[in-house]
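# here's a sequence, model it:
(2 chains)
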Amino acid sequence: LAKTTQPISMDSYEGQEVNITCSHNNIATNDYITWYQQFPSQGPRFIIQGYKTKVTNEVASLFIPADRKSSTLSLPRVSLSDTAVYYCLVGDITGFQKLVFGTGTRLLVSP
Amino acid sequence: DTAVSQTPKYLVTQMGNDKSIKCEQNLGHDTMYWYKQDSKKFLKIMFSYNNKELIINETVPNRFSPKSPDKAHLNLHINSLELGDSAVYFCASSQDRETLNNEQFFGPGTRLTVL
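As a prediction, this is how the structure comes out:
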């Protein structure tokens, strides 16, 4: 699986938009980009997945440039409950996907 | 109606003991996984089963033995527990290989402490 690089931590305030960027220079043609969220003392939870351009759901948006060597998870108007670790994963989703979690980005949202 | 459940939530035991962690999913998924998250918060896959068949077996000591009695259950048995086995163990499940979005659903985790 392609290796990913994310900031170790980010700080924000309630109501702000947060953008977390992930680098994946060695992404393969068949690879998709997936983001998971993990709250303390809980298992990771799927947030969003995309292949190229932009994907949006009720929780977040995912921006992927044309070269696909990076991606940005955008969380609109964060709240205190968005404090969590966010993981960027890249891999081939056909077949059995072996998720490889990196260090993730620890987001702290303050009042 | 918990999707992926694990028991127990906490497990404290002595070195050398044998223990089991149970996992059940009611999502009708064909694939189940075990992950280990250590004290540094690194989350690593250990095993994956598809329809009761072992698919992924990472470099895990053979003291760890997964058992899948049916596709809704994947239990993890650990023999001769060591201090380094202390971690949080997560079970997860996903649909089969034919689905485009192979989203994994994780259980709440089992915190194992070996004394």
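
# how much space is there between B:Val4 and B:Phe42?
21 Å (C-beta to C-beta, to the nearest Å). From N, CA and C alone the C-beta is placed, and that goes for glycine too.

# what about those two, which has more around it?
Set B:Val4 next to B:Phe42 and count neighbours by other C-beta atoms under 10 Å in any protein chain shown: B:Val4 wins out with 23 against 13.

# which strand or helix spans the residue lying closest to A:Arg45 once chain neighbours are set aside?
Spatial nearest neighbour of A:Arg45, chain neighbours left out: A:Gln37 (5.1 Å); criterion: C-beta to C-beta, 6 or more residues apart in numbering or on different chains. Assessed by DSSP states H and E, A:Gln37 sits inside strand A:31-38.

# can I get that strand as PDB, trimmed to CA atoms?
Output of strand A:31-38 as PDB, limited to C-alpha atoms (Å, rounded to 0.1, in the frame of the first residue of the first chain):
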ATOM      1  CA  ASP A  31      -5.700   3.000  -5.400                       C
ATOM      2  CA  TYR A  32      -8.400   4.900  -3.600                       C
ATOM      3  CA  ILE A  33      -8.100   7.300  -0.800                       C
ATOM      4  CA  THR A  34     -10.000   6.700   2.400                       C
ATOM      5  CA  TRP A  35     -10.200   8.600   5.600                       C
ATOM      6  CA  TYR A  36     -11.100   7.200   9.000                       C
ATOM      7  CA  GLN A  37     -11.800   9.000  12.300                       C
ATOM      8  CA  GLN A  38     -11.000   7.600  15.700                       C
END
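
# that one pairs with which strands, parallel or anti?
Strand A:31-38 has the following sheet partners, assigned by DSSP bridges: strand A:45-50 (antiparallel), strand A:84-92 (antiparallel).

# give me the residues contacting the shortest one.
Residues from elsewhere that reach strand A:45-50, judged by C-beta atoms under 8 Å, 6 or more residues apart in numbering or on different chains: A:32-39, A:55, A:57, A:59-62, A:64, A:71, A:73, A:86, A:93, B:101, B:103-106.

# so for the closest residue to A:Asp31 other than its chain neighbours, what's the pLDDT?
Spatially, and ignoring its direct neighbours in sequence, A:Asp31 is nearest to A:Val90 (5.0 Å; C-beta to C-beta, 6+ apart). With respect to pLDDT, A:Val90 has a value of 87.

# count of neighbours near the one residue in chain B that gets nearest to chain A?
Per C-beta to the nearest C-beta, B:Phe106 is where chain B lies closest to chain A, at 2.8 Å. Other residues near B:Phe106 number 23, with proximity taken as other C-beta under 10 Å.

# so who does it touch?
A:Gln42, A:Gly43, A:Pro44, A:Arg45, B:Val4, B:Tyr35, B:Phe90, B:Cys91, B:Ala92.

# which residues of the chain fall in strands?
No chain in the question, so chain A it is. Along chain A, counting by DSSP state E, strands occupy A:9-13, A:18-23, A:31-38, A:45-50, A:53-56, A:61-64, A:70-75, A:84-92, A:105-110.

# other chain: chain B
Using DSSP E, strands in chain B cover B:4-7, B:10-13, B:19-25, B:31-37, B:43-50, B:53-57, B:64-70, B:73-78, B:87-94, B:105-106, B:110-114.
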